[in-house]
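**Student:** Pasting a predicted model and its sequence here:
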Amino acid sequence: FLVPNKEGPIAGARVDCFVDHIKEHSDLTSTKIDFIKIDVEGFEIAVLQGGRNSLFRQQQKIGSMIMEVGPNRWNRASVSFEVGVEEMTRLASFFTTSYLLTRSPGSGFYKTCPVSLGKEILKDTEPRTVGSIRVFKIQGAEEWGKLLTYMKDKNFDCNFFYENK
């Protein structure tokens, strides 16, 4: 299908549709995926919705995933903020732990996802430090709405890491 865009239409296919079409040629029916990276510039919620019956189903086991999220870009895929929050909360339910990855002063893209975001919004008072990244644990579904609302209000884009231990 084609998604309208001011620079011209973007070709797209739902993950579920793609998996259905190539299932005879590949083993994408496995119930174990080690790692997924999603960086689709505002279409992350559409990707989550499009993979609901293949990637994000109860029988599926995903080891870990990283995804860039910018709530102010969801309108590119005609996704409302409310639906985005629901999908992000639903996604977290597929993993044992979800993390917000913030950037320390002096690092690249510091202003788009500063450490202050995690400190002001999340309950995690002892984030891990990995180089210039502070890793805040997201502790429960109630934190998602507050976090994403703050990100939207401040026009932040952040990376989230999910894992199943």
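**Tutor:** That came through fine.
**Student:** Could I get the full set of helices for the chain?
**Tutor:** Along the chain, counting by DSSP state H, helices occupy 15-22, 44-50, 81-92, 115-121, 141-154.
**Student:** for this structure, what's the longest strand?
**Tutor:** strand 61-69 (DSSP state E).
**Student:** Enumerate the positions of that strand that are buried.
**Tutor:** Ile62, Ser64, Met65, Ile66, Met67, Glu68, Val69 (16 or more other C-beta atoms under 10 Å). Where you see a C-beta, it was placed from the backbone N, CA and C, and this is true even at glycine.
**Student:** Please pull out the lowest mean pLDDT helix or strand from this structure.
**Tutor:** Least confident helix or strand of the chain, by mean pLDDT, DSSP states H and E, is helix 15-22 with a mean of 54.
**Student:** Point out where this structure drops to low pLDDT.
**Tutor:** 1-5, 9-31, 58-59 (pLDDT under 70).
**Student:** Which residue lies nearest the spatial centre of it?
**Tutor:** Met67 (4.0 Å; C-alpha atoms, centre = their mean).
**Student:** Need the nearest residue in space to that one, chain neighbours excluded.
**Tutor:** Leaving aside its chain neighbours, Met67 sits nearest to Ile38 (4.2 Å; criterion: C-beta to C-beta, 6 or more residues apart in numbering).
**Student:** I'd say that neighbour and Glu44 touch.
**Tutor:** Yes: judged on C-beta atoms under 8 Å, Ile38 makes contact with Glu44 at a distance of 5.5 Å.
**Student:** what's the overlap in contacts for those two?
**Tutor:** Met67, Glu68 (C-beta atoms under 8 Å, 6 or more residues apart in numbering).
**Student:** about what we covered before: how close does the residue nearest to Met67 sit to Gly8?
**Tutor:** 23 Å (C-beta to C-beta, to the nearest Å).
**Student:** same question, Phe81
**Tutor:** Taking C-beta to C-beta, one finds Phe81 at 26 Å from Gly8.
**Student:** If you count surrounding residues, which of those two has more?
**Tutor:** Under the neighbour definition other C-beta atoms under 10 Å, Phe81 and Gly8 were set side by side, and Phe81 has more, 15 against 7.
**Student:** is it true that the more buried one touches Pro71?
**Tutor:** Yes: counting by C-beta under 8 Å, Phe81 does reach Pro71; the two are 6.0 Å apart.
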